[in-house]
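Engineer: Predicted model follows, preceded by the sequence.
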Amino acid sequence: MNKINKTIIIKIAVSLFIGITVFSSLSLVLSLPLYIIVPFLSAFFITCFLREKRFSAMVAIPITVFGGVIFSDPRVNLFYNSIDRDIYYLIYYHQKEMLLYSPPLLLGILGGILGWGLAQILLETSRGIKYFTYILLILMGVNFIAVSMDLNPAVFDRAVNIPTPGQFNNLNSLNLKTFYYMKNGSGFYEAYNRAYGEKADTWQQSPETVAQWRQPTLFYLWKLLLPGDGFYILYLYLLLGLISLFLIFDISRSYLPLPFCLLPPLAISYLFVYGAVAFWFTFPEYWGAFFAIFSLWGIHKENRIVTVIGMTFSVLSRSIFMLLWIGLFLIEFFSKKTEEQKNEKEKDKFLLWIPGGVYVLTAIFHLNKIITLYDARWITLGEFFQRGLSQFPSTLYFGSVVLSLGIFFISLNLVMAVYGAIKYRNSESGRILPLWTFIPLSVFMIMGDILSKGYWGIVYLPFMFMLSLFSLSGILDQEECREEKGK
């Protein structure tokens, strides 16, 4: 096979990967008719990558039309085989109403041509792609908020109302009930124990094991900062999600050129949308993920204060984020440094002990409280390592999360993440992403039951998507990337 043929195959393969990323991410993030928007944006990104007018038209338009028509159909891509049937049907009818029965094939062709044409026009100007990238970033943020608030109002009505004793059986209602009791003057432990005893399946019972309790930090944060309405927890969730997406974009600018630095926040945004529309917005795992992204941004900017504060709140939100702190610890204390680097950073090293130290102190207090007052027992090894490897895929594809191509999309990203880990093994800031991806992923192979693994994927999937997309940096044009780094 000659060099030209290899180049063409590589370009088509990368175009497919970009298209799959857009197809899989826009199912919920954009509220406009998907049959035209998905082909439009996919063709735009692919054309910016291919650049050649004739070749880009031959590749971009067919790929994006096919993807827009096939994978934008909610009967194909949204919750079809998941437990969230009520959400699936609401989304289906919501999109059906938006489409206004327009011919999907014609709209797909129109979207692909428009995306290709706009990219060709913007590529002719020095600042066109840059300005349009920031416009798309703003639109992505606006749509993230709009879709999260509007997509499934029935879920919101059920999620933020005060749960009726004996009439709720999900963890989100348990967290909300605890919050409401705390706003009425109860302490965390009294409020959580009382709310737990009002669940339908644990009526008039206390949490039996240590694992059934939650850390109190988030609940005190909500009580301190928010009024007594559960909607404000959702508002704060959306605000932190929006900030996280912008921080991911800022990190991505150092790895990918414009407009491709939009792909990581776009790929990750649907994870946050899912948290908003599926009763998950009070889950500590999501909040810990937001704080971990803040910490990653601090690492990227070499800002120790932001790094430590973000990581501290992350581990205090949910103990499983200690796996990320271990990764940060390994990078800082076992990476090779010159004598000059050692002298410069020696004074800052102790700061990285703060998240672990604070976690240990609060954990001792927390465990003493629940064991002494409520007779909570330690879980056994059999409970800790339930089901093992057979249930590992549920965390890899994040349970019933919104994915157009499901397992295939996640598996492809996992392969690309492995390649990215090899590629950035010598990068000071890039090495943290492989550790934050593969340490939790490896531990979750054997730890936890299927219910926990269904939402533990949020701990590492954002970093896996970033790593897999950053692995394209050697293939994409680096001129604009270097320009961003120099600013």
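Structural biologist: Alright, I've got the coordinates.

Engineer: Is it correct that Arg425 falls within a strand?
Structural biologist: No - using DSSP: H, G, I helix; E, B strand; the rest coil, the secondary structure at Arg425 is coil, not a strand.

Engineer: Excluding chain neighbours, what is closest to it?
Structural biologist: In space, Arg425 comes closest to Arg431 once its chain neighbours are excluded; the distance is 6.4 Å by C-beta to C-beta, 6 or more residues apart in numbering. (Glycine included, C-beta is placed from N, CA and C.)

Engineer: pLDDT wise, what is that neighbour at?
Structural biologist: Taken from the predicted model, the pLDDT recorded for Arg431 is 82.

Engineer: Hmm, Ile422 and it touching each other?
Structural biologist: No - under the contact definition of C-beta atoms under 8 Å, Arg431 does not touch Ile422, with a separation of 11.2 Å.

Engineer: can you count the residues close to the residue nearest to Arg425?
Structural biologist: Under the neighbour criterion other C-beta atoms under 10 Å, Arg431 is assigned a count of 18.

Engineer: do the same with Ile61
Structural biologist: Applying other C-beta under 10 Å, we find 22 residues neighbouring Ile61.

Engineer: Start the count at 187 instead of 1 going forward.
Structural biologist: Sure, I'll start counting at 187 from here, so that last one is Ile247.

Engineer: now it, nearest residue through space, not along the chain?
Structural biologist: On the basis of C-beta to C-beta, 6+ apart, the spatially nearest residue to Ile247 that is not a chain neighbour turns out to be Gly298, at 4.0 Å.

Engineer: does the one you found sit in a helix or strand, and which one?
Structural biologist: With the criterion set as DSSP states H and E, the secondary-structure element containing Gly298 is helix 290-309.

Engineer: elements contacting that helix?
Structural biologist: helix 220-236, helix 239-257, helix 314-336 (3 or more C-beta pairs under 8 Å, 6 or more residues apart in numbering; DSSP states H and E).

Engineer: Using TSV, lay out those helices together with mean pLDDT.
Structural biologist: Shown next, in TSV, are these (pLDDT from 0 to 100):
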stretch	mean pLDDT
helix 220-236	76
helix 239-257	67
helix 314-336	82
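
Engineer: elements contacting the helix or strand Ser455 falls within?
Structural biologist: Using DSSP H and E, Ser455 sits in helix 449-463. Secondary structure elements in contact with helix 449-463, counted by 3+ C-beta pairs under 8 Å, 6+ apart, are helix 189-215, helix 314-336, helix 417-438, helix 647-656.

Engineer: and it, which residues are buried?
Structural biologist: By 16 or more other C-beta atoms under 10 Å, the buried positions in helix 449-463 come out as 449-463.

Engineer: what bits of the stretch 437-586 of the chain have low per-residue confidence?
Structural biologist: 464-465, 520-535, 566-586 (pLDDT under 70).

Engineer: How about Asn489, nearest residue that isn't a chain neighbour?
Structural biologist: For Asn489, the spatially nearest residue (C-beta to C-beta, 6+ apart) is Trp483, at 8.0 Å.
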